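Peer 1: please find the sequence and the predicted model below.
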Amino acid sequence: MRPLTRLPISTDVGDVSADVRRLFEELARQRPERRHQITGECLPLLDVFETHDALDLLLDLPGVAPSNIRVLVKGGVVIIAGEKDRPDQSARGSASFHLVERDFGRFARAVRIHVAIDAARASASLSNGELRVRLPKIEERRGRGLLVPVVSDAVR
């Protein structure tokens, strides 16, 4: 399964803020007790690769529950949004941090897809802290001519 040399993605996705806001609101409805908390933004690392039969998006999401992730495919853009909870600091007592590098809070990643995919067969799985979104490819039909037969009214 060797990746193809052409990268069929772009991070320039235009204005998808309404879709991201809707996904965040859906997550907030699921956890109303956290609605009042202010969370920072985080940016999970993302890999995108293409095989002969699919486009795969991989995100590092250690510690994120599947219920805290939303994946939306719309208009040639894949949006992955969610929230990574900050661990409970009360177990550490009065410890003070010397270095904090791990991200917590809400996140959203959007990727524009430039290959024909079958969004109805898309799948997402979370395993060992890695989210894999698989987008099966279909044969590109745009730009191809289609001969439409012409029927005489007399024949009907």
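Peer 2: Perfect, I can see it now.
Peer 1: going by C-alpha atoms from here, please, whenever you check contacts or count neighbours.
Peer 2: Will do.
Peer 1: verify the stated contact: residue 58 with residue 47.
Peer 2: Yes - when contacts are counted by Cα atoms under 8 Å, residue 58 is listed as touching residue 47 (5.1 Å).
Peer 1: of the two, which one has the most company?
Peer 2: Comparing residue 58 with residue 47 by neighbour count (other Cα atoms under 10 Å), the higher total belongs to residue 58, at 19 against 10.
Peer 1: that's a strand at the more buried one, yeah?
Peer 2: Yes - assigned with DSSP: H, G, I helix; E, B strand; the rest coil, residue 58 falls within a strand.
Peer 1: leaving out sequence neighbours, find the closest residue to it.
Peer 2: Among residues not flanking residue 58 along the chain, residue 132 sits closest, at 4.7 Å (Cα to Cα, 6 or more residues apart in numbering).
Peer 1: quick one: contacts for that neighbour?
Peer 2: 56-59, 124-126 (Cα atoms under 8 Å, 6 or more residues apart in numbering).
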